[in-house]
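Undergrad: Here is my input, please return the structure:
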Amino acid sequence: MPIRHATSLDDLPDRSDLMSRSGLEFMQDMIAGQLSGPPIGATLGFWPVLAEDGRVIFEGTPGFDVTNPMRGVHGGWFGAILDSCMACAVMTKLARGEIYTTLEYKVNITRALPLGTKVRAIGTVAHSGRSTGVANGELRGAEDDRLYATGSTTCIIMRPESA
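TA: Presented below is the predicted three-dimensional model:
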């Protein structure tokens with residue numbers, strides 16, 4: 001079941017929601033509906049369904065709104081769902097009081113993704129250190145496990161001072 005997506009800035013989790021939880025707790029609370037998910041998931045048709053230590057799975061189905069002029073799924077959709085699962089996998093490694101952001105990511109599309117095909121995006125942490133996290137991702141068909149794309153990311157891990 002898709003998570004509850006925020007519909008306004010006031011609906012998004014605030015700083016205290018983020019800083020009072022580990023990254024894994026934050027992700028699990030979002031999946032459980034205790035925190036709103038970001039609106040980009042509703043816009044692009046994907047959401048997280050599993051968060052465990054170092055691993056996150058998103059599910060989604062590309063619809064007409066993400067087609068390119070050649071009637072295919074736009075590469076940006078591949079990038080958005082893979083960036084989300086990989087970066088959120090890094091988030092699961094964060095301690096309370098830590099935050100992160102993506103520094104860079106790369107996507108390799110291996111085959112066209114037919115519109116309406118339900119997929120799983122699996123992000124797995126390869127390294128989580130003091131200041132960086134690295135993760136890999138795969139985009140696979142939910143029904144047939146076909147590989148549609150792979151990705152990798154590097155994230156910066158930060159410890160902001162208390163407000």
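
Undergrad: for the longest helix seen in the chain, packing partners?
TA: Assignment by DSSP state H gives helix 75-91 as the longest helix of the chain. Applying 3 or more CB pairs under 8 Å, 6 or more residues apart in numbering; DSSP states H and E, one finds that helix 75-91 contacts helix 23-31, helix 39-44, strand 46-52, strand 55-60, strand 99-109, strand 119-128, strand 132-141, strand 147-158. The C-beta positions use only the backbone N, C-alpha and C, and glycine is treated the same way.

Undergrad: which stretch among those comes nearest residue 88?
TA: Among these, strand 55-60 comes nearest to residue 88, with 4.3 Å by CB to CB.

Undergrad: how far off helix 23-31 does the closest one point, in degrees?
TA: An angle of 20 degrees separates the directions of strand 55-60 and helix 23-31 when computed by axes from the mean of the first three to the mean of the last three CA atoms, to 10 degrees.

Undergrad: Parallel or antiparallel, which strands does strand 55-60 pair with?
TA: Taking DSSP bridges as the criterion, strand 55-60 sits next to strand 46-52 (antiparallel), strand 119-128 (antiparallel) in its sheet.

Undergrad: how about the longest one: buried residues?
TA: It stands for strand 119-128. By neighbour count with 16 or more other CB atoms under 10 Å, strand 119-128 contains the buried residues 119-123, 125, 128.

Undergrad: Mind picking the two most distant members of these?
TA: Checked with CB to CB, these reach their widest spread between 119 and 128, with 25.4 Å between them.

Undergrad: Please give me every residue in contact with the residue nearest the centre of the chain.
TA: What sits nearest the mean C-alpha location of the chain, by CA atoms, centre = their mean, is residue 84, with 2.1 Å. Going by CB atoms under 8 Å, 6 or more residues apart in numbering, residue 84 touches 40-41, 46, 48, 58, 121, 123.

Undergrad: Closest to residue 115 out of the residues you listed?
TA: Taking these together and measuring to residue 115 by CB to CB, the closest member is residue 46, at 14.1 Å.

Undergrad: Leaving aside the residues adjacent along the chain, what's closest to that closest one?
TA: residue 60 (2.8 Å; CB to CB, 6 or more residues apart in numbering).

Undergrad: Spit out the contact partners of the one you found.
TA: For residue 60, the residues meeting the contact criterion (CB under 8 Å, 6+ apart) are 41, 44-47, 81, 118-119, 121.

Undergrad: same thing with residue 61?
TA: Contacts for residue 61 (CB under 8 Å, 6+ apart) come out as 45-46, 116-119.
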